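Trainee: Using only what follows, build the 3D model:
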Amino acid sequence: MIGRLSFIAALLAAPVVWAQDVQEAVPPTPAEIADARARADELIRNAGAEGIFANKTTGRLPTVEHLASGMRCRFSDSANDRILIFPDQNDGVPRGDDVGCASREESLLIDATTYATRYRPLPSEDAVINDAVSAIRNRWPDAIPFDGALATTSIGDWPAPKYAAFKVTMPDGPMLTMALVHHVGQWGYKVRATGRFEDAMLVSVYAGVIMANIQTDAHGR
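Mentor: From the prediction side, this is the model:
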């Protein structure tokens with residue numbers, strides 16, 4: 001528990017760095033960087049994402065960038081790491097304009113998925129968060145809206161992302177699952193994160209840091 005609290009404190013002190021960077025106090029070796037780059041190449045290849053994602057790894061964790069939107073995904077190098085290219089569903093969305101990245105931070109027991117989507121027209125942030133809420137309720141009919149304290153992140157003059165959070169019951173026990181939504185220009189970005197309910201604050205900080213970095217990358221293009 002002390003380790004988790006220290007991790008939260010570190011994230012709150014530096015909210016616009018990647019969550020995993022807090023743990024990289026020792027610079028990676030050339031061999032570690034090469035291994036991480038090879039893993040990123042493998043993730044791109046396995047998803048058939050050549051030309052859609054590019055390898056941007058410079059540390060010990062595999063990192064890729066969605067070229068069209070600027071969304072960067074840093075993976076935890078777990079077996080759950082994957083790049084998602086959603087198929088065209090006859091809705092006029094070209095391949096590569098509806099993508100995601102999924103990973104699991106094993107040390108924190110948090111699953112996170114990020115999404116970048118360019119719909120024409122782009123639904124409002126409220127519509128997207130309402131869809132996320134519907135998806136959560138459909139998957140967990142007994143989901144209970146979370147009414148405790150959670151961390152929220154806003155950077156500069158950018159508005160804080162829309163979010164919704166619920167307590168759900170899974171085989172491993174009670175969990176917090178949440179969604180955050182933010183639009184930049186013609187792109188919609190979403191973060192989904194799920195972790196232990198007892199670590200609700202940690203889950204929200206972790207998800208918020210991921211979204212803050214997406215905002216920083218997207219607004220900086």
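Trainee: same for whichever helix in the chain runs longest, what does it pack against?
Mentor: When the chain is parsed with DSSP state H, its longest helix is helix 200-219. If contacts are counted by 3 or more C-beta pairs under 8 Å, 6 or more residues apart in numbering; DSSP states H and E, helix 200-219 sits against helix 2-13, strand 72-74, strand 110-117, strand 173-184, strand 187-196. Using the backbone N, CA and C atoms, a C-beta is placed for each residue, glycine as well.
Trainee: From the contact counts, what lies against the third one?
Mentor: Using 3+ C-beta pairs under 8 Å, 6+ apart, the elements in contact with strand 110-117 are strand 98-105, strand 187-196, helix 200-219.
Trainee: To residue 131, which of the ones you listed lies closest?
Mentor: strand 187-196 (9.4 Å; C-beta to C-beta).
Trainee: Within its sheet, name the partner strands of the closest one and how each one runs.
Mentor: strand 110-117 (antiparallel), strand 173-184 (antiparallel) (DSSP bridges).
Trainee: average pLDDT across it?
Mentor: Across strand 187-196, pLDDT averages out at 97.
Trainee: now stretch 133-140
Mentor: For stretch 133-140, the per-residue pLDDT averages 97.
Trainee: What are the contacting residues of it?
Mentor: 143, 164, 166, 168, 169, 177, 179 (C-beta atoms under 8 Å, 6 or more residues apart in numbering).
Trainee: Quick one: distance of the one helix or strand the fifth one maps to to the chain centre.
Mentor: In this structure, residue 169 is located in strand 162-170 according to DSSP states H and E. Between the mean C-alpha location of strand 162-170 and the chain-wide mean there is a distance of 15 Å, by C-alpha atoms, centre = their mean, to the nearest Å.
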